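>>> My questions concern the predicted model and sequence given below.
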Amino acid sequence: MQNLNTFILAIESSCDDTSCAVLHNNEVLSNVTANQKIHEQYGGVVPELASRDHQKNILPVVDAAVKKANISLSQINAIAVTRGPGLMGSLLVGLNFAKSLSLSLNIPLIEVDHMQAHIMAHFIKDKDQAIPTFPFICLTVSGGHTQLVKVSDYLKFELMGQTLDDAVGEAFDKAAKIMGLPYPGGPLIDKYAQQGNPNRFKFADAKIPEYNFSFSGIKTSFLYFIQKEQNVNPNFVQENMNDICASYQYHLIDVLIKKTKLLLKDTGIKNLTIAGGVSANSELRKQIKVLEKEININTFIPQFDYCTDNAAMIGITAYYKFQNKQFSSLNITPFTS
């Protein structure tokens, strides 16, 4: 029987965002995140700097989340925390803080898989967000992972396909870096793409069987394409930024859609969700709706707040684990992949 008065305090620190959320059952009372700007000057996340900033941010973020939720620590029923995947140093900061809080309050600790949490974000109570029904396929896309997952029930996941090398989010960011755009470059490509012609430039597809993906070759071909064009015209990128971004983005999204469509047809499943940071991409959201009409399926797109890394998704996953008493030992250690 469900506890209808469950308060979960959740911590997420897998990469460069320190986040804490407080949930009452499946409703988010607070979701506070501290972003790290220091990585912009390096063109990517520097693990050592990320872990140091987590150490500085975690106490103020937790304090702010508790105050915003307007509850006391004595009301918390469990502490949830990301165990992995992610950066080792970053995960250690969040995990050790969560263990200490669990021990001091004498309440259960609940470990959460970061990728599963992205999927579970769809079950956060939100008046503007429809809840998917089982079974459904989730296309999970982020800077570190690209996966197709079959979800049969709460916390019941089956990995159907994944990237064999780089993630689609990395393909976006590396292309942006090649063009001289600041980090993180994925959102900037999306911004420029909205003013460009997606059919002007063509890129080769990686021939990967079944439901798996590969993006390393696409990144390399993009680099060679830019270098070749700049040898002819040094101002090629600046003069064609919108069309380059639109064409490259369309190509990446097309790869995702084709594999997703294949899996949906093969399984006969009629419900599709997307999750992860790249699920905020406007072209992906557009093409998901096109696919919905094309093959007559139901699609579920998360709110922007729950696309990128956040503690609310950790908390909702822990809420369902709490119902099943899936508690964790204080001896757990992080996993990075």
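Everything's here; your move.

>>> and stretch 133-148, which residues are buried?
Buried residues in stretch 133-148, counted by 16 or more other CB atoms under 10 Å: 135-148. Every C-beta, even on glycine, is put in place using the N, C-alpha and C of the backbone.

>>> Tell me how this protein divides into domains.
Listed by automatic domain parsing, the domain ranges of the chain are 7-124+307-323, 136-301.

>>> May I see those organised as JSON lines, with distance to Leu330 and mean pLDDT added?
As requested, the domains of the chain are arranged in JSON lines below (distance: least, CB to CB, whole Å; pLDDT from 0 to 100):
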{"stretch": "domain 7-124+307-323", "distance to Leu330": "5", "mean pLDDT": "94"}
{"stretch": "domain 136-301", "distance to Leu330": "22", "mean pLDDT": "95"}
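
>>> Tell me which of those sits most buried.
Comparing those by mean neighbour count (mean count of other CB atoms under 10 Å), domain 7-124+307-323 comes out on top with a mean of 21.

>>> Any idea how far apart the tips of that domain sit?
Chord length of domain 7-124+307-323, first to last residue, is 12 Å (CA to CA, to the nearest Å).

>>> which of the buried residues of stretch 133-148 lies closest to Glu40?
Nearest to Glu40 among these: Gly143, at 14.6 Å, using CB to CB.

>>> does Phe335 really touch Thr82, like I thought?
No. Here Phe335 lies out of contact with Thr82, judged by CB atoms under 8 Å, at a distance of 10.3 Å.

>>> tell me the two of the buried residues of stretch 133-148 that are most distant?
Farthest pair in those, by CB to CB: Pro135 and Gly143, 27.1 Å.

>>> check contacts around Glu111.
Ala80, Val81, Thr82, Arg83, Ser328, Ile332 (CB atoms under 8 Å, 6 or more residues apart in numbering).

>>> how about 6 Å then?
Arg83, Ser328, Ile332 (CB atoms under 6 Å, 6 or more residues apart in numbering).

>>> and it, that one's in a strand?
Yes. Using DSSP: H, G, I helix; E, B strand; the rest coil, the assignment for Glu111 is a strand.

>>> contacting residues around the closest residue to Gln326 other than its chain neighbours?
Sequence neighbours aside, Ile110 is the residue nearest to Gln326 in space, at 6.8 Å (criterion: CB to CB, 6 or more residues apart in numbering). Ile110 makes contact with Ala78, Ala80, Ala318, Lys321, Ser328, according to CB under 6 Å, 6+ apart.

>>> 10 Å instead?
Applying CB atoms under 10 Å, 6 or more residues apart in numbering, one finds that Ile110 lies in contact with 8, 10, 77-81, 83, 98, 102, 314-315, 317-322, 325-328.

>>> try Ile316
Counting by CB under 10 Å, 6+ apart, Ile316 has contacts 8, 10, 21, 23, 25-28, 80, 112, 117, 120-125, 154, 306.

>>> For the residue nearest in space to the middle of the chain, which non-adjacent residue is spatially closest?
A centroid search over the chain (CA atoms, centre = their mean) returns Gly276, at 2.4 Å, as the residue closest to the centre. What sits nearest to Gly276 in space, not counting adjacent residues and going by CB to CB, 6+ apart, is Ser142, at 3.7 Å.

>>> quick one on the thing from earlier: mind checking which of the contacts of Ile110 land in strands?
When these are checked against strands (DSSP state E), the matches are Ile8, Ala10, Ala78, Ile79, Ala80, Val81, Arg83.

>>> Right, I'll leave it there.
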